[in-house]
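Undergrad: 3D model of this:
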Amino acid sequence: MRYFVDFAYNGTAFHGSQRQPNGITVQEVMEDAFSTVLRQSVSLTFAGRTDAGVHAEHMVAHFDLSSLSESVFQLSALGAMVSRLSGLLPWSIAVHDIYPVSDDLHARFSALSRTYEYRITTTKDPFRHNLVTQVAPGLDFEAMNAAARTLLGTHDFASFCKAHTDVKTTVCTVTQAEWKDEVFTITSDRFLRNMVRAVVGTLFEVGRGKMTVAQFEGVVKQHNRCAAGQSVPPQGLYLTKIIYPQNK
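TA: Coordinates of the predicted model:
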């Protein structure tokens, strides 16, 4: 049977979400905790991967269990599982819910859309260190929003994709892209590796008067990563919402 897991994490201490040999990751820590609670090896499939230092307010993963002994099943009643996991996981990871889904629902491939936010501040704030990105004041948010609107629709976003990424296509459909106060929100059917951070870095060029809206639109059409601006730091980036074709 397949189960979905809704959870969140502060990515500061992790080398990204996906398991890797050279650093502690969210997946590694969670799989160890799940395996302890369920008394069997558990493999989690995440809805996507986030880089080192990136946070998630809403991440989804799935795992499959073919069979459970009666004692383990009683121990792992879904509410009890959440409580036990809370006690095993570090403060930086919080499991909110676990629920059964149909076997054909996939945490990654069934997602209809994902939403990210990039959060900035123009003042030094010791209480939000590693949770927002500090930038110099004076950004032209009106110009950045005008540039962001050119992202809407279906486009080839190769200009904002990390070089040498192994993907079949760099085409995405963006349905939301806007700045509100000091938060940039973008929603798409899919995202390329480093895409949001590259988009925000290029929008900063517009906000600082170093690039016009027309030039920004030209960057999108060039399909060349070298044409876009530098990627912004990871700590301001949050995965905030994932939408699936059916509710739990």
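Undergrad: Find the nearest non-adjacent residue to residue 161, please.
TA: Leaving out its chain neighbours, the residue that sits closest to residue 161 by C-beta to C-beta, 6 or more residues apart in numbering is residue 192, at 4.0 Å. Quick note: C-beta positions are derived from backbone N, CA and C, even for glycine.
Undergrad: Taking the centroid of this protein, which residue is nearest it?
TA: In the chain, the C-alpha nearest the mean C-alpha coordinate belongs to residue 239, at 3.5 Å (C-alpha atoms, centre = their mean).
Undergrad: Ramachandran angles for that residue?
TA: Reported as degrees, to the nearest 10, the phi and psi values for residue 239 are phi -80, psi 120.
Undergrad: Could you check the pLDDT of it?
TA: The score at residue 239 is 98. That number is its pLDDT.
Undergrad: so it sits right up against residue 49, yeah?
TA: No: contact between residue 239 and residue 49 fails when scored by C-beta atoms under 8 Å: they sit 10.1 Å apart.
Undergrad: mean confidence for stretch 214-232?
TA: Stretch 214-232 comes out at a mean pLDDT of 96.
Undergrad: Counting neighbours, which bits of it end up buried?
TA: Neighbour-count burial for stretch 214-232 flags 216, 219, 220, 225, 227, 228, 229, 231, 232 (criterion: 16 or more other C-beta atoms under 10 Å).
Undergrad: can you list the residues you listed in JSON lines and add secondary structure and distance to residue 204?
TA: Converted to JSON lines, the buried residues of stretch 214-232 look like this (DSSP: H, G, I helix; E, B strand; the rest coil; distance: C-beta to C-beta, whole Å):
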{"residue": "216", "secondary structure": "helix", "distance to residue 204": "11"}
{"residue": "219", "secondary structure": "helix", "distance to residue 204": "13"}
{"residue": "220", "secondary structure": "helix", "distance to residue 204": "16"}
{"residue": "225", "secondary structure": "helix", "distance to residue 204": "16"}
{"residue": "227", "secondary structure": "helix", "distance to residue 204": "15"}
{"residue": "228", "secondary structure": "coil", "distance to residue 204": "11"}
{"residue": "229", "secondary structure": "coil", "distance to residue 204": "6"}
{"residue": "231", "secondary structure": "coil", "distance to residue 204": "11"}
{"residue": "232", "secondary structure": "coil", "distance to residue 204": "7"}
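Undergrad: and the residues you listed as TSV, adding distance to residue 89?
TA: As requested, the buried residues of stretch 214-232 are arranged in TSV below (distance: C-beta to C-beta, whole Å):
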residue	distance to residue 89
216	41
219	41
220	40
225	36
227	42
228	37
229	36
231	29
232	29
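Undergrad: Without its sequence neighbours, what residue ends up closest to residue 90?
TA: Once chain neighbours are set aside, the closest to residue 90 by C-beta to C-beta, 6+ apart is residue 29, at 6.8 Å.
Undergrad: so residue 82, which of the three states?
TA: The three-state label given to residue 82 by DSSP: H, G, I helix; E, B strand; the rest coil is helix.
Undergrad: Going forward, the N-terminal residue is numbered 5.
TA: Okay, residue one is now 5; in that scheme the one you just asked about reads as residue 86.
Undergrad: ok, now which ones touch it?
TA: Each residue near residue 86 by C-beta atoms under 8 Å, 6 or more residues apart in numbering is listed here: 99, 100, 101, 102.
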